[in-house]
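1. Everything below, folded, please.
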Amino acid sequence: MHLNLNQLRAFYLAAKEKNITKAAETLFVTQPAVTMQIKSLEASLSLKLLRRRGKNIELTDAGKVLFGYAQRIFEIAEEMEHVMKGLFRCGPGVIDHRYHQKLCKASHAGTLVKVPGTIPGGEGLPSGRELPGDYRGCPGIQI
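-> Reported below is the predicted structural model:
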């Protein structure tokens, strides 16, 4: 199976809202477009993911499993977007240890920086906290 994120997002939003029309509104597409994406996903998996209940939908057992994976995928995608947009740019909001610790376990293992309490955007970080990562060139960071 080749994962199609557009199909997965259509499914995820429909399942989350329990309504295909609301998912379509969120995606700025038509309801038939969302339905087609979900049907294509079901066909590629050879599984039924949703059941209609009047105007609403409910997940099949397979749909519940896929929803859990989709939720994790889109949480990671949101985290990745946050990290890539702000973490490695110097300036306000640059260090958010909630996201950073997960990323750095894989990409910057072994490098530690000392975070002073006066970093712009470093509110909520304990002064002197050591975090893994490569912050060379960022003002206010001691390596």
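2. Low-confidence regions, the protein specifically.
-> Low-confidence segments of the chain (pLDDT under 70): 1, 86-143.
3. Which parts of it are strands?
-> Along the chain, counting by DSSP state E, strands occupy 50-53, 56-59, 112-115, 129-132.
4. In this structure, where's the longest helix?
-> Using DSSP state H to define each element, the chain has its longest helix at helix 61-82.
5. Okay, and the beta partners of R51?
-> E58 (DSSP bridges).
6. Please tell me how far it sits from H82.
-> 35 Å (CB to CB, to the nearest Å). Glycine gets a C-beta too; all of them are placed from N, C-alpha and C.
7. Comparing these two, which shows the higher neighbour count?
-> H82 (16 against 11; other CB atoms under 10 Å).
8. roughly how far apart are the more buried one and I76?
-> 11 Å.
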